[in-house]
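Engineer: have a look at this fold, sequence not included:
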Ligand SMILES: NC(=O)C1=CN([C@@H]2O[C@H](COP(=O)(O)OP(=O)(O)OC[C@H]3O[C@@H](n4cnc5c(N)ncnc54)[C@H](OP(=O)(O)O)[C@@H]3O)[C@@H](O)[C@H]2O)C=CC1
Ligand SMILES: O=C(CO)[C@@H](O)[C@H](O)[C@@H](O)C(=O)O
């Protein structure tokens, strides 16, 4: 009897672009994909932190390149993707948050968070998908959304709007590109201990609010996202597209 075999979680021979790779969740995703055998291209705006991460990954024996990119600049996105050549995997992790009660949210903050979290990820995902479609290749495109793409958060109306938008375009692209073998999914973390979340997690009152809602009883660590990104990038998730993978310790289960 031939037993069924688990499809491979390995990514040898595949090339991945990871934005926001110089910090936090993006750094974790880049390290996870590299560990699974992918060649990884790291992208962010600041050169120094990128070079430090590239050096650490190369020092651990991984295949890595680094390129500066501001994802809020659509021309820079096109130039970057054209210059990189063939890719198989994209992880959009670059993003930002600004917190304020909805009654006080400014147009400037709204535009900045929309540009950084939605417009950049939308056009980068499209640019990579165009390359895959032109080459007739399958691919896995992963957007780092948030549990805030599924629920509301006080003082986070603008941030929540951006993450709900990411969920929306991910599903629409998954429908359009499924016939091409291009999969598009989101990963939706709860609060993960990174520089972005420090404003919440280093304030005892806010941290208590977070910890009271995470059913597993602790805030997330970068490592909590790493297995998920490898899974979604690999053939182990070959039938999964248009999905949201919650890494929220049960926050949204209630
Ligand atoms: N930490 C958390 O609790 C959670 C985070 N998320 C999401 O995960 C993603 C990553 O967050 P996290 O790792 O915490 O954040 P960090 O602040 O630790 O890292 C953000 C990264 O994005 C890069 N970046 C920011 N803006 C741009 C830009 N315009 N163009 C290119 N790169 C950019 C930064 O580098 P540089 O400034 O040099 O460009 C940095 O590498 C975000 O989308 C966030 O919304 C989702 C759920 C929970
Ligand atoms: O998405 C998040 C939690 O699910 C985080 O990025 C936070 O919203 C972060 O911006 C914060 O509020 O500290």
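Structural biologist: Thanks, I have it. Remember, it's a predicted structure, so these values are computed and weren't measured experimentally. Ligands and ions are numbered 1, 2, ... in the order given.

Engineer: alpha carbons only for contacts and neighbour counts from here, please
Structural biologist: Noted.

Engineer: so is the longest helix anywhere in the chain next to ligand 2?
Structural biologist: Counting residues, the longest helix in the chain under DSSP state H turns out to be helix 157-177. No. With CA under 6 Å from any ligand atom as the criterion, ligand 2 is not reached by helix 157-177; the gap is at least 6.8 Å.

Engineer: give the buried residues for that helix.
Structural biologist: Under the neighbour-count criterion of 16 or more other CA atoms under 10 Å, helix 157-177 has 157-167, 169-171, 173-175, 177 buried.

Engineer: now residue 105: closest residue in space that isn't a chain neighbour?
Structural biologist: Of all residues not flanking residue 105 in the chain, residue 158 sits nearest, at 7.6 Å (CA to CA, 6 or more residues apart in numbering).

Engineer: and the stretch 101-250 of the chain, which residues reach ligand 1?
Structural biologist: Remark: the part of the stretch 101-250 of the chain in contact with ligand 1 comprises 116, 144-146, 189-197, using CA under 6 Å from any ligand atom.

Engineer: same thing but 8 Å
Structural biologist: 115-117, 120, 144-148, 159, 163, 188-197, 220 (CA under 8 Å from any ligand atom).

Engineer: buried ones among the residues you listed?
Structural biologist: For those, a burial check counting by 16+ other CA under 10 Å picks out 115-117, 120, 144-148, 159, 163, 188-193, 196, 220.

Engineer: sorry, back to before: now do the longest helix of the chain, average pLDDT.
Structural biologist: Across helix 157-177, pLDDT averages out at 98.

Engineer: re earlier: keep only those of the buried ones among the residues of the stretch 101-250 of the chain next to ligand 1 that are in strands.
Structural biologist: Using DSSP state E, the subset of these located in strands is 144, 188, 189.

Engineer: mind listing what residue 246 touches?
Structural biologist: 146, 147, 187, 188, 189 (CA atoms under 8 Å, 6 or more residues apart in numbering).

Engineer: the first one contacts residue 187, doesn't it?
Structural biologist: The reference is to residue 146. Yes. Between residue 146 and residue 187 there is a contact at 6.8 Å, judged by CA atoms under 8 Å.

Engineer: and the residue nearest the centre of the chain, how far is that from ligand 2?
Structural biologist: Among the residues of the chain, the one closest to the centroid is residue 144, at 2.8 Å (CA atoms, centre = their mean). Plainly put, residue 144 is 9 Å away from ligand 2 if you go by CA to the nearest ligand atom, to the nearest Å.

Engineer: quick one: pLDDT of that residue?
Structural biologist: 99.

Engineer: helices or strands next to the helix or strand hosting residue 228 in the packing?
Structural biologist: Using DSSP states H and E, residue 228 sits in helix 223-233. Contact partners of helix 223-233 among helices and strands, from 3 or more CA pairs under 8 Å, 6 or more residues apart in numbering; DSSP states H and E: helix 24-35, strand 139-144, strand 182-189, strand 244-247.

Engineer: the strands in the stretch 1-150 of the chain, which residues?
Structural biologist: Using DSSP state E, counting those that start in this stretch, the strands assigned to the stretch 1-150 of the chain run over residues 15-19, 39-44, 64-68, 89-92, 139-144.

Engineer: the shortest one near ligand 1 at all?
Structural biologist: Yes. Taking CA under 8 Å from any ligand atom as the criterion, strand 89-92 and ligand 1 are in contact, through residue 92.

Engineer: and that strand, what other elements does it pack with?
Structural biologist: Using 3+ CA pairs under 8 Å, 6+ apart: strand 89-92 touches strand 15-19, helix 24-35, helix 120-135, strand 139-144.

Engineer: and the first one with ligand 2, contact?
Structural biologist: No. For strand 15-19 and ligand 2, the contact criterion (CA under 8 Å from any ligand atom) is not met; the two come no nearer than 15.4 Å.
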